[in-house]
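A.B. asks: the sequence and its predicted three-dimensional model are supplied below.
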Amino acid sequence: MSRMHLNLSLMTPGHFRHAWRLPHADPLAYLDIDHFQRLARIAEAAKIDAVFLGDGPALRGEIEDAPGTGLDPLVLLGNLAAVTTHLGVIATSSTTYNSPYNFARRFQALDHVTKGRAAVNVVTTGTPAAAANFGLAEHPAKADRYRRAHEFLDVVTRLWDGWEPGAVVADKTTGRYADPARIHRIDHHGEFFSVAGPLPVGAGPQGRPVIVQAGGSEDGRDLAARFADVVFTVAQTLDGAVAFREDIRRRAEGAGRDPNDVKVSLGVVVLTSATEGEAQRRERELHATLPIDRLAGVLLGNLGLSAKDFGPDDPITAADLPDAVPGGAFSTGFATAVRALIAQRPHTAGELVRGSAGGAGHRLLTGSAVAVADDLQAWFEAGAADGFTVMPADTAADFGNFARLVVPILQDRGLFQAEYHDPTLRGRLGLAPARPIGALP
Ligand SMILES: Cc1cc2nc3c(=O)[nH]c(=O)nc-3n(C[C@H](O)[C@H](O)[C@H](O)COP(=O)(O)O)c2cc1C
């Protein structure tokens, strides 16, 4: 029986960003390293593959009603390496608002300090506000962001591959430390970057950190087909998820890769408790924290609709939707997921907001541990994903509930690992050893 992969998001206070209002919640937990170390230990005890943090280099969302983006994921996740031994760490980082040399160096360092458990979730950044933090008058157009991302990852992977195995000889007798002939410059000159290389040190245990990609547009899918080891995706419908995974595998094959070397990790917001009744009660409590009118306006904007035309309780039909996702949407992937839901039947913006935990697209799965396990098993066995990136609805409750209540059911069914069988994340994901995509001189 094939096994699913499971990642857990550390997003705090939860994928319900307004969960900070609940009586038990600590409104500053998203800044507390003890909170995150506690979560990392819970995840490792459950044999979770990796913990994950989304990110954007700007204050995102309305800070007036909820915390948005939190601590820099690289700094935070690097700290968790010190309190874990097997748990992978997936830090989101931008190809638009970074230099490839520093990016390559930082994630190579993360692979060394985690002893082969590092992954980067590459995004082109969906938050226009980031542009002003980097001296740009406006957020680059998506096509330009993706063209830059291709060159960016080509440079990064070639830098990661720049030191051949055995470049360090460390001969104490002759005093020769390394063989310069086995350490390669890349001398890249392209549209966006000029980078000489090499990096100051050689590769970590994985050769290359695992590359996760999140972006569901045509350009996003092409980038994933060429570089991604894992694609983090979003779907509200089973058919939509199955079609996306088939498309990614087809595109990877078209890029000359083995489609089994690209794993699809489907995002799902999980709200689970020991009983169905308690889960439903908690869902009502979390829904009550949402500023529905404002969030409905954000969601309508992502669909290319206006809050002037649709109130939170007005049904949106497929006929109301523009032919294509608007260019300014946070993510085509998210908007496509919601459009697929509306294509099944009309939904109100309020329903869509509640059904995606107040966000813009990930499916909310509420239920008892058995019901959640049944649902994940059904989507996995239908070919919707190679695994899931589980986003706790209320991290203070659902992170631990998922790890302690749902994971053992999946393990008992033979659907998830009961032990860590490989010390590196790349090995555990069943990925081919890292190999040069860009040609070394
Ligand atoms: C599942 C998923 C997760 C994403 N997470 C982030 C994120 O954490 N930060 C971010 O800036 N963009 C995120 N995005 C958006 C894209 O990565 C990217 O930033 C850009 O908006 C293009 O997305 P698109 O190809 O889906 O249109 C995410 C997209 C998807 C589909």
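C.D. replies: Okay, I see it. In this text, all values refer to a predicted model and were calculated from it rather than measured experimentally.

A.B. asks: pull up the residues of this structure that are close to the ligand.
C.D. replies: Taking CB under 6 Å from any ligand atom as the measure of proximity, the chain contacts the ligand at 54-56, 92, 123-127, 142, 214-217, 220, 232-234, 267, 330-334. Placement of C-beta: from N, CA and C, glycine included.

A.B. asks: so of those, which ones are in helices?
C.D. replies: Counting by DSSP state H, the residues of the chain next to the ligand place Lys142, Gly220, Thr332, Gly333, Phe334 in helices.

A.B. asks: and the second one, what does it touch?
C.D. replies: Meaning Gly220. The contact partners of Gly220, by CB atoms under 8 Å, 6 or more residues apart in numbering, come to Thr124, Tyr146, Gln213, Ala214, Thr332, Gly333.

A.B. asks: nearest to Ala371, of those?
C.D. replies: In terms of CB to CB, no member of the contacts of Gly220 lies closer to Ala371 than Gly333, at 26.2 Å.

A.B. asks: just the pLDDT at the closest one, thanks.
C.D. replies: The model reports Gly333 with a pLDDT of 91.

A.B. asks: so what's it closest to, chain neighbours aside?
C.D. replies: Once flanking residues are discounted, Gly333 sits nearest to Gly216: 2.2 Å by CB to CB, 6 or more residues apart in numbering.

A.B. asks: which strands or helices does the helix or strand hosting Leu80 pack on?
C.D. replies: Counting by DSSP states H and E, the element that carries Leu80 is helix 73-80. Helices and strands touching helix 73-80, as assessed by 3 or more CB pairs under 8 Å, 6 or more residues apart in numbering; DSSP states H and E, comprise helix 33-45, strand 50-53, strand 88-94, helix 100-113.

A.B. asks: give the buried residues for it.
C.D. replies: Judged by neighbour count (16 or more other CB atoms under 10 Å), helix 73-80 contains these buried residues: Pro73, Leu74, Leu76, Leu77, Gly78, Asn79, Leu80.

A.B. asks: list the residues that contact the fifth one.
C.D. replies: Taking CB under 8 Å, 6+ apart as the contact definition, Gly78 lies against Val89, Ala109, Leu110, Val113, Thr114.

A.B. asks: one more pass at 7 Å, please.
C.D. replies: Contact analysis of Gly78 by CB atoms under 7 Å, 6 or more residues apart in numbering lists Leu110, Val113.

A.B. asks: excluding its backbone neighbours, what's nearest Thr424?
C.D. replies: Nearest non-adjacent residue to Thr424, counting by CB to CB, 6+ apart: Gly116, 3.5 Å away.

A.B. asks: test my guess that that neighbour contacts Arg428.
C.D. replies: No - Gly116 lies out of contact with Arg428 (CB atoms under 7 Å); the separation is 9.9 Å.

A.B. asks: where does the protein have low pLDDT?
C.D. replies: 1, 435-441 (pLDDT under 70).

A.B. asks: repeat that with 50
C.D. replies: For the chain, the stretches flagged by pLDDT under 50 are 436-441.

A.B. asks: hang on, the earlier thing: quick one: which of the contacts of Gly220 is nearest Asp314?
C.D. replies: Nearest to Asp314 among those, with distances taken as CB to CB, is Thr332, at 24.0 Å.

A.B. asks: wait, what's in contact with the residue nearest to Thr395 when sequence neighbours are not counted?
C.D. replies: Spatial nearest neighbour of Thr395, chain neighbours left out: Gly14 (4.4 Å); criterion: CB to CB, 6+ apart. Shown in contact with Gly14 (CB under 7 Å, 6+ apart): Pro392, Ala393, Asp394, Thr395, Asp398.
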